[in-house]
Each structure stands twice: as structure tokens, then as C-alpha cells.
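Undergrad: here is a sequence together with a model predicted from it:
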Number of protein chains: 2
Amino acid sequence: MESPKRIKSTLTYLKKLFIMPDSPDKFVEFGHELLELIHDFFQEKGGIHSSATLPELSKIFDQTSIPDSPLLIKDVLSEVRSKVINHSVKVGNPYYIGHMTSAIPYFNILLEMIIAALNQNQVKIETAKASSFVERELVAWLHSLIFNRKESYYRKNIHNPRVALGNVTSGGTLSNMTALMVAREKAFPPSGDFPGLRIAGTDKALQHYGYKRGVVIVSTRGHYSITKAANLLGIGESNVINIPVDSNNHIDIKKLRIRINAIQRELRNRKTKIIAIIGIAGTTETGNVDNLEALRDISSEVGAHFHVDACWGGPALLVDEYRSIFKGIEKADSVSIDAHKLLYCPISMGLVLFRSEKDLNLIRHTSRYVIRRNSVDTGRFTVEGSRPFACLKPWASLKIIGRKGYGLLFRHARESTDYLRSILDRCGNFETLNIPELFILNYRFIPEAVQEQLSVWRNIALSKKRNNIETAKRKIRKVNRLINGLNVKLHRELRRDDTTFVSRTTLESTRYRPQNIVVLRAVLINPLTDEKVLDEIVETQNRIGHQIWMEFESSYKKIRDESY
Amino acid sequence: MESPKRIKSTLTYLKKLFIMPDSPDKFVEFGHELLELIHDFFQEKGGIHSSATLPELSKIFDQTSIPDSPLLIKDVLSEVRSKVINHSVKVGNPYYIGHMTSAIPYFNILLEMIIAALNQNQVKIETAKASSFVERELVAWLHSLIFNRKESYYRKNIHNPRVALGNVTSGGTLSNMTALMVAREKAFPPSGDFPGLRIAGTDKALQHYGYKRGVVIVSTRGHYSITKAANLLGIGESNVINIPVDSNNHIDIKKLRIRINAIQRELRNRKTKIIAIIGIAGTTETGNVDNLEALRDISSEVGAHFHVDACWGGPALLVDEYRSIFKGIEKADSVSIDAHKLLYCPISMGLVLFRSEKDLNLIRHTSRYVIRRNSVDTGRFTVEGSRPFACLKPWASLKIIGRKGYGLLFRHARESTDYLRSILDRCGNFETLNIPELFILNYRFIPEAVQEQLSVWRNIALSKKRNNIETAKRKIRKVNRLINGLNVKLHRELRRDDTTFVSRTTLESTRYRPQNIVVLRAVLINPLTDEKVLDEIVETQNRIGHQIWMEFESSYKKIRDESY
């Protein structure tokens, strides 16, 4: 390869790099080249992750200081192709079914060009004109999708600069954080001499109201961003109370009530304030939706803010057949939803919507040089400052794909999930471990004979034969530990094979509860993943699973045959 | 105009929207059209903000619910052109010199295409392979730019998965927040039974260490994100202590020492913990840089984390002639820096760098399905979760523009600032109000005769003639209030004229301190803004300023002539 040419920099040369009326040729020329390059990347066959190992990549990206002399754009683009594009993860590949990051419609690439070319900064109307209105329109759309308030409500508030129906954020973590920030302020509002938590701090707020601590309640399936938010907000990670889930990964309402009763029975002068109860509408690991209606009732009873983390599942509300599983979401105080998941937009953009248009005023802030008090600037309500015109992507996607289109995409996702489940069951060497509601399936490789043996032991464990119960239970645990090891190894080998991809996690909420079970996790949202692809994925996993099983079989037989 | 065609959606149609090997034609076709469209936008003459009023825009974006039927991409792109692009702010226009959002080199548009097409999610190596290495390489570059540690240090840590030298964030607010989160954890670390603030919460942390409160110290020029962070982190906005600045907007070191002494003299059993002292390297309003070395010494003395907000000025470190004003930054504990400001990248991306590679481990978090404890995932260290491959933009910019290129851009920026100052001074009807260090100039319109009169009164006020001092002071205050109103009105009229753009703010730190003075604020970083453009801007402001002055003149004369 020719070595990149170092060029002599002049201001005249640099000026030409900037967008200006009289230098469009280069721009169009490179643009065309790049469109071909991107096109080639998706046509290329080969592994999902590229064969370069992490140590090899360390050597490719080993410059420890900033380049001195400028390089030609074409040389840097060529470097990007050989070093970056060639070693990127093909998340849009139909055989990649492991994460919520998947294929996106190509028009998003065009929209990104517009967003970058306009370079609007959403913080302020002076740096974002039409784009501020696009954002407010999108926020109203999703607010109405979730809360379904009257048309007159939206007419009044869609562009009312004194309020915000929600924020566009960089993603779910910021959305959840914003909701909890509002919840915290509502829990410790100004009263008398006390200026409110945001002014006085968490410690003074607890003191003023005579609370020992403030807590946030969510199921054990809660996203890790909740714990992160509790840390960030000064609530403390230990004040996130995780409630166990039922057999289908829904928060256990009975156990929630017991826990809340216990909290409320604590000594009167050392009370606990429940800042927020969080329902999950599409758990990250299993795709299940909490009983939002029950959570809403309990939140009302205890006077807590009710937040729904619908980052994953929210867009399913676009389709009538899914609305019933979200029942109660319309009464939530706040809901977060991601555009880069089921709205099929590029990474990353989230939204947080508030049922009451007054809520975001609790965290409103102003400054003298931007976002002045009496301005119409969006930045008054957001945690972030400078923000890109990212909302153009879901705004245009909702127009181009439409509710009907999303309906078709989600039907395909459900059918893919059902199909994968059916072929795993038919194969015999896999055990499925959740009942999917929203396109996520958990399962593991476990030879048919071992499954049957576990089933025999489970029947004994549930029986009345006192003698054998403990032995059966112990054997189940031992075999599960072995199968856990097998699936960790299988996952590693699948990564090495690199023709297919699923993720893995560990769940305590399977039929073997409370034992932790290592599971493979498939997220089935790529419309290009068809039955043939799924057949091949299962065939590959079964083949490699079998090979690994050879190493595990004797250990299994030892457990099976040993007597206590 | 033809009304957009509603189309019948089928899965086959939808699949074609997704990136796939056998449907590239449409993609390339639209790409070419769009390149022309973007090109046209920049060629178009006309106002900076478009002539549509906010109420008119409200009517354009007035849909309160999500579209049902899909529309053709070409129809939506045409809608984007007519509704959005036509009414966007031309932030890249050479006559737009009001904000830190400016022109960007066009290759960034190409990079955004690559970023969207790859759709990597930086949270995790399984969704971001080469891109994780690009990010770590960029972080090492900027770490070395700021902290300049030994080559062996970077060799060891650039790709060491157990540590992070810094984070890529969505922007300065998140960067400052991350730094303060680390500072807070360092201020209240685990000890004995106490598990550290992140686990126990702010209130328990203060209790355990016997502190009355924790504070963050920054000058009155501190960015509003500091207050926002104090709110978010549960420290409380009232615990941000703002220290006055000297006549050139640098934190007043003497007043800082006095304030710290006062804090330390407080009763022993109700101590105040100084969590962090923040230095500003490029104030948002005035572009000045604090005495970082003195701040660093004081931070050491009081045991506080020393953070530098270099979101604006940081990239000036690329150029040797600017390094001296940043002296001491190499000893900071953390530094934040934005890519979308002086690195000329699109909105938005920031970085926060930590001198000690161990610091980010204090806020490390893990989960079972992503960012496992023993993984190499970047997401373990970040506040945000899903993050785009935004780091490609500064990474490529630093290669294409190079240190030398940035040197030329900053030289042009400094020359533009100096030139603007010289023509404002020469005109006579403007008063410049700061000594710019980094490309930001504050000034106001004030007729020459009024300036001369103010000068006379200022001399009296500084003199020994007791009798007249109070009268002169009172007249200065009254005239300044009048001129404030004049400049607010001028700014509004300039917005209406819309051929040029500067921003405005209010400063207490001018020669009229402590009176608040309304100033126009010019940010001079667009390399396409040349002397001719600046001449025209000043000519316009002078002309419109004069027109408005007609309305104010009699009030001025009344103040001038009244006797007390």
C-alpha cells in the first residue's frame, strides 16, 4: 500500500475543507465514493466480528500522540476502510441476533448527512429553528401514543414554550435519570424555609422531611442504569430495592406489597420515603412487561412517582395488538423510550415523556447567555446541554415506515421468535427458559437425555418421598452448574466460529430458581433474519454444543450415578 | 405541489428499506440527490434564521399524532427540504458569529454516513470492535495532550481493559458530571463499615465523615452545567460556591483563599467538605482561562479534586503558542473537552480525561448481560449506556487537519478577534469589554459622546471630590441601565434584520462592576469569516444601533443634565 501523503497545510487549503458555496465538487465526489464503500461493506461475506483478535487490534490502534501533519481526506478514508470498517461488528447481519442493536433502514444514513450538514444545536432556538419544532412535534406524538390525552391538550401544549411534555435524550440511561431526578424533586419539594432538594441537596431534604432514607423500587430485571442513576443522584445504590420476579420475569406484586408493608412498619421517626416505583415494559434480558396497572395503583397508594422504563418495548404501543400488555402505562407519571431499539434508528437517541406537562418545570434551569428564563429554548428542561438534531431520525422513520409498517416489522419479529422457539424445542437439545412477550428468547444447550434426567429429579423434588428430595435437589444443582459451564464455553466457541451471534446472560428467574442459570439470549428484530437463517443458527449451535458436550459428558455421568 | 403518496406497506417493501446486499441502487440514488440538496442549502442566499416566525413554524409542525400510513422516502425527503432545511439556522454562515456552534469541515458529513451505516454501539465490544479501539486511541491522544505523561505510561494503559484514561461523552455537561461524580466518590470513600457514597448515598456519606455539607467551588463565570450537576448529584445547587472574577474574568485567587479560610474556620464538628475546585479554561461567555496553577495548589492544600472545564479552550493545547495560558492543567485531576467546539466536529461529543488511570474505577459498574465484570467493555466506566461511534469524527479530524492545521485555524480565529476589536474601537460607537484570550469578544453599542461622558464621570468617581462622587456614580448606573436597554433592543433588531448574528449576555465583570452590563458576544472561529465580513457586521450593527439610539437620546440627555 502506498504510504499516506503528508501535505503542507495552508489556510486556503483548510478553508476549502469547510462547507462553502464554491467548493462542492470535492464533497460530491467523496460522497459518491463513500456510498460505494458503505455499499461494499454490506455486500462483503465473512465473519460477523472480523477475524482480528483484540491484541491485534491493539497493535493497529497504537498511536499514543496526536498526528502532527495533515493527511489527505482520501488517505484517511482509506485508513478508515482498512482499519475501522473491516474490523467492525456487522450488527445488521441477519445472523447477528444477540443484541438490541440491529439492522437499520438505509434512509437513516441519508438523514445523518442532513443532521451533520445543518449542525443544529437543539439547546437553543438561536442554534436550532425548525429542528426545535420537529423535536416538540415528535415529543407530542409519543406523548399522545403513551398517555393519549385529549386533542385539545396537545393543541395547547405542543409548542407552548412554558412547558415541556418530555425531553429528547442521548439514550435510556439519561431518560431514566431525568425521570428519577423529577421524582426526587417531587418527593422533597420546597416547603417553608426548605427550598427543595435541588437547591439544598439530598441530605438536607431527608432531614427536613424526617426521613431515614429515600428508595427506588424496581424488579430484579431492572436495567443497570437504575442503579447507576441511584449512584449519580446521591440516593445510593443500596437504596435501590430489587423485588423478585415471577416465573415469567414480571415483578412479583405480592412480594412488592410485603416489602412495602415492611418498609411502612418501620419506626415512625425513621421513615423511608419511596421516591419512585419503576415498572419495566420490556426487560432487557427477557423482553417481558410488568403488570403496570398494579404498579400504578401501588404507587398512588404510597405517594411515589411511577416511572415506566419502556426503552425496549415502548414502540410496540404503535401496534394495537400489543397495547393490552402495556395496560396502565397511560397512567404512569413518566415513561422512557429509545429510538435506537424498536424504532430502528441508529445509535443513539432516547425520549422521556411526562404525563403532566408541569413536571419538567421542577428541574428547569436557565443561564444568562443561553436558555434565558423567558426564552423558548428546549435546553431549559434537559439534563444535557448541546444536543444534536437526532430527533429527525425517528420523526422521519415514523413517516416513512408508519404505524402500519411498524406493525409488519413487529409481526415478523414475533414470528421469528416463535419460529426459533419451535425449532429449538423440536431439536431436543435445547431448553427454552422464558415465555417471550417482546422478541427476546432465552434458552440453553442441554442434551435431551440430560433434560429428561433433570425432569425426573424435579418430579422427585416435588414429591413426598422425603428421603430422596435432598439428593435430587443436590443433583439438579450440580448438573445445572455443569451445564452453565457448558453454555459459557459454547458461547465462547460460537464467538470463535463467528458465523452467527447470540448474547448470553445469567438468570435467577427460570424453573430452577433461585439457582443462577446461564442462558443464551436471542433478540429477534432484524427483518432480514428469516427461517432459513434461524435454521442455520440452531444447526450451528447444536453442532458446536455437541462437540463441547463430549468434554462434559463424563462429569455429568459421575453426578448422575453418584449416591449420597 | 403534488400531495405525498400514501403507499401500501408490505414486509417485502419494508425489507428493502433495510441495508442489504441486493438493494443498493436506491441507496446510492438517494445519496446522490441528497448530496446535491445539501450542496444547494449552502449555496442559497438569504437570512440566517429564515423568515418564518415561531408562530408560523408552530403551524407547520402541528401534527399531534403519529402518521398511520407509510410515505415514500422521496416524499419525506422533500418534506424535510421544504419544512426543515429551509427553516434551519445557517450556523456555518460566515456572518453567524454568535455561538460556539459554527461551520464544520464537510468530511464530517461523510464520517456521519459511515457511523450510521456501521451503527456500532460503544457500550460493549460485542457491538463495537475496531470502534472501541479508535475510542481508546483518541482518549490516549487527548490524555497525552493534556497530562503529557511518559510514553511508557500510554504504552501500558492505552488498551489496558482494567482501566480507562477517560470517557467519550455526549458533551460537556456529561463530562463535567462524570468528573464531579468521581470527585464526590473520592471525597467520601469507603472506610470501615461505610461502603462509600455511591452505595450509601450523599446523606450517609456526610454523616459518616461528620460533615455539614459538601461544596463545589467555581468562579462566577462557571458554566451552568456545574449547577445542573450539583442538582443532579444531590449536592444541591446552593452548595456551588461562586467566587468573583478579576477584571479579566479569571477567578479571583485572593477572594478564593479568603472564602476557603472562612469555610475552614467554621466549627470543627460541623465542617464543610470541599469536594472539588473547578478551573475554567475558556469561559463560555468571555473565553478567558483561570490561573490553573494557583487553583491546583489550593486544591492540593485543601484536599479537593481539581477539575478543569476546558470544554471550550482545550483544543488550543494543540498549538504551542497557547500552552502557556493553560499552565497547571497538566496537574489537574480531570479535564473536560468538547469535540464539537474547537475541534470543529458536528454536535455533539465530549471527552473527560483523568490524570490517574485509577479514578474511573471508582464509578465502574457492571451487569450480567452486558459489560460483565471481567470484560473489556467501555461501558463499564461511562455514565451513559448505549453510545454512538462519535469518536470517529475527532479521530479523523485530528488526522486530516493535524496539529499544524489547528494551529492555522486558531491563528485565523485570533486574527479575526483582534480585527473585530480594532474596527469596533476605530468606529467609536462601540465599547469592548473583555480582553479576549480565546476568540470571544464582548462589546456593546454606545455612542461616542456617551462613552466620553461616562469616562468623565468615572474620573470624578475615582477622584477625591467627595461632593460629586455619589452623583457621578448614580449617573453612570442610570446611563448603563439605559444602554443595557438599548443593546437588548439592538440585539432584537439584529435578529429581525437577520443578515448577521451575534449572541448577547449580561456580565457583572466589566469596568462598571458590580453593575450588570448587557453585552453583545462574538465567537470568532469560522475560518470563512474574513475581514470584509467583519466590516459588514460592524457596519450593520452601527447603522441599526444609531437608528435605535434616536429613541434613547432624550432619556440620556435627561440623565446627563439632571442635578441632584
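TA: Everything's here; your move. Residues are numbered from 1 along each chain as shown, chains lettered A, B, ... in the order given.

Undergrad: nearest to chain B: which residue in chain A?
TA: A:G234 (2.3 Å; CB to the nearest CB). The way it works is simple: take the backbone N, C-alpha and C, and place the C-beta from them, glycine included.

Undergrad: looks like that residue contacts B:L233 (just checking).
TA: Yes - shown here, A:G234 and B:L233 form a contact pair, counting by CB atoms under 8 Å, at 5.5 Å.

Undergrad: shared neighbours, the two?
TA: Taking CB atoms under 8 Å, 6 or more residues apart in numbering or on different chains as the contact rule, A:G234 and B:L233 both touch B:R184, B:T202.

Undergrad: so what are the domain limits for chain A?
TA: A:121-400, A:404-561 (automatic domain parsing).

Undergrad: please identify the most buried of those.
TA: Stretch with highest mean neighbour count among the domains of chain A: domain A:121-400 (a mean of 22; mean count of other CB atoms under 10 Å in any protein chain shown).

Undergrad: how long is it end to end?
TA: By CA to CA, to the nearest Å, the extent of domain A:121-400 from end to end equals 25 Å.

Undergrad: about what we covered before: relative to B:K557, how far out is the residue of chain A closest to chain B?
TA: Separation of A:G234 from B:K557 (CB to CB, to the nearest Å): 56 Å.

Undergrad: same check, this time on A:G282
TA: Counting by CB to CB, the gap from A:G282 to B:K557 is 69 Å.

Undergrad: ranges for the helices of the stretch 201-350 of chain A?
TA: For the stretch 201-350 of chain A, the helices defined by DSSP state H, counting those that start in this stretch occupy A:202-209, A:224-232, A:253-265, A:292-302, A:320-323.

Undergrad: show me what the last one is packed against.
TA: Using 3 or more CB pairs under 8 Å, 6 or more residues apart in numbering or on different chains; DSSP states H and E as the contact test, the elements touching helix A:320-323 are helix A:402-427.

Undergrad: re the thing from before, now the helices of the stretch 201-350 of chain A in JSON lines, please, with extra columns for mean pLDDT and distance to B:I274.
TA: JSON lines is the format used below for these (pLDDT from 0 to 100; distance: least, CB to CB, whole Å):
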{"stretch": "helix A:202-209", "mean pLDDT": "95", "distance to B:I274": "16"}
{"stretch": "helix A:224-232", "mean pLDDT": "94", "distance to B:I274": "20"}
{"stretch": "helix A:253-265", "mean pLDDT": "94", "distance to B:I274": "35"}
{"stretch": "helix A:292-302", "mean pLDDT": "97", "distance to B:I274": "38"}
{"stretch": "helix A:320-323", "mean pLDDT": "94", "distance to B:I274": "52"}
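
Undergrad: just so I know, which of those lies nearest A:G47?
TA: Nearest to A:G47 among the helices of the stretch 201-350 of chain A is helix A:224-232 (28.9 Å), distances taken as CB to CB.

Undergrad: tilt between the closest one and helix B:224-232?
TA: Between helix A:224-232 and helix B:224-232, the angle comes out at 100 degrees (axes from the mean of the first three to the mean of the last three CA atoms, to 10 degrees).

Undergrad: return the list of helices and strands in contact with helix A:224-232.
TA: helix A:172-187, strand A:211-219, strand A:240-243, helix B:172-187.

Undergrad: out of those, which gets nearest to A:S82?
TA: Across these, closest to A:S82 is helix B:172-187 (CB to CB), at 31.2 Å.

Undergrad: what about that closest one, near chain A?
TA: Yes - Helix B:172-187 lies within reach of chain A by CB under 8 Å from any CB of the partner chain, at B:G172, B:T173, B:L174, B:M177, B:M181, B:R184.

Undergrad: ok, the first one touching B:K228?
TA: No - B:G172 is beyond contact range of B:K228, at 10.8 Å (criterion: CB under 8 Å).
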